[in-house]
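S.K.: generate a structure from the sequence data that follows.
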Amino acid sequence: MDSLSFQSLVKNLVGFHREAEWLEFKHNNEHPHDIGEYISALSNSAALLCRESAYIIWGIEDKSYKIVGTNFRPRQRR
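M.R.: Okay, the predicted model is just below:
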């Protein structure tokens, strides 16, 4: 996926202005155990809802759904 497609996807998902069974927004959550649970729950929910994908997006403010960026660097965490 190119950068413009990715940016468009994020803007569309943030445009929902709510989380869903298959969509989660986080600002800086970097706890591996929590991330594993989110991924498992999101993927199971997406499958049950017949969705091709589920998303967890870092850098979104929890209540306002504004794009604020993040300090989380997944490639530096295990």
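S.K.: how about the strands in this structure?
M.R.: 23-26, 55-58 (DSSP state E).
S.K.: which helix in this protein runs the most residues?
M.R.: helix 32-48 (DSSP state H).
S.K.: on that earlier part again, a markdown table for the strands of the chain, including mean pLDDT, distance to Ile35 and mean neighbour count?
M.R.: C-beta coordinates here come from the backbone N, C-alpha and C atoms, glycine included. Output for the strands of the chain, formatted as a markdown table (pLDDT from 0 to 100; distance: least, C-beta to C-beta, whole Å; neighbours: other C-beta atoms under 10 Å):
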| stretch | mean pLDDT | distance to Ile35 | mean neighbour count |
| --- | --- | --- | --- |
| strand 23-26 | 91 | 9 | 20 |
| strand 55-58 | 91 | 8 | 17 |
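S.K.: to Arg73, which of those lies closest?
M.R.: Among the strands of the chain, the nearest to Arg73 by C-beta to C-beta is strand 55-58 (9.5 Å).
S.K.: which residues sit against the longest helix of the chain?
M.R.: With C-beta atoms under 8 Å, 6 or more residues apart in numbering as the test, helix 32-48 has contacts from 21-24, 26, 29, 52-56, 77-78.
S.K.: from the chain's centroid, how far away is stretch 49-59?
M.R.: Relative to the mean C-alpha coordinate of its chain, stretch 49-59 is positioned 6 Å out (C-alpha atoms, centre = their mean, to the nearest Å).
S.K.: contact partners of it?
M.R.: With C-beta under 8 Å, 6+ apart as the criterion, stretch 49-59 contacts 10, 13-14, 21-29, 35, 38-39, 42-43, 45-46, 67-70, 72, 74.
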